[in-house]
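> got a structure for you, letters missing:
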């Protein structure tokens with residue numbers, strides 16, 4: 001910690017844009033004046049610590065609420081996935097989303113006679129018609 005001695009009406013400059021002036025000295029109390037840009041917060045230590053405690057409590061409350069929101073979101077996503085799978089099964093197909101699309105062991109059932117023939121014999125190439 002840097003310790004400086006100042007008399008009444010003397011000042012200290014910090015970083016070219018903050019000035020601290022000794023305004024008054026009464027016994028064991030010193031009154032300081034602080035000139036700083038508005039975007040730089042200036043607080044007494046006890047006020048600063050109270051603000052930090054409040055911010056920490058708000059962050060904790062938000063963190064505790066976040067897992068509940070994630071659980072609710074996961075539950076909604078699961079319901080949507082089940083509804084999609086149910087709708088696809090009702091139409092006789094496997095939904096082409098998620099791991100089904102990327103896993104070669106899980107292929108959608110063939111829908112046309114050409115697809116069925118190709119599924120039965122991979123050596124048969126599908127013909128394209130215009």
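Nice, I can see it. Just so it is clear, the structure is predicted and the values come from calculations on it, not from any experiment.

> can we go C-alpha only for contacts and neighbour counts from here?
OK.

> And the protein, what are its domain boundaries?
Here the domain parsing of the chain from automatic domain parsing is 10-39, 42-70.

> hey, least reliable of these by pLDDT?
Of all the domains of the chain, mean pLDDT reaches its minimum on domain 42-70 (a mean of 84).

> Would you report the backbone torsion angles of residue 18?
Note on residue 18: its backbone torsions stand at phi -130, psi 130 [degrees, to the nearest 10].

> Ignore what I typed, I meant residue 11.
When read as degrees, to the nearest 10, the backbone of residue 11 gives phi -130, psi 170.

> quick one: terminal-to-terminal distance for stretch 24-37?
One end of stretch 24-37 sits 23 Å from the other (C-alpha to C-alpha, to the nearest Å).

> can you put the domains of the chain in a markdown table and add distance to residue 76 and mean neighbour count?
A markdown table is the format used below for the domains of the chain (distance: least, C-alpha to C-alpha, whole Å; neighbours: other C-alpha atoms under 10 Å):
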| stretch | distance to residue 76 | mean neighbour count |
| --- | --- | --- |
| domain 10-39 | 43 | 12 |
| domain 42-70 | 10 | 11 |
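
> Tabulate these in JSON lines, adding columns for distance to residue 78.
Shown next, in JSON lines, are the domains of the chain (distance: least, C-alpha to C-alpha, whole Å):
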{"stretch": "domain 10-39", "distance to residue 78": "46"}
{"stretch": "domain 42-70", "distance to residue 78": "12"}
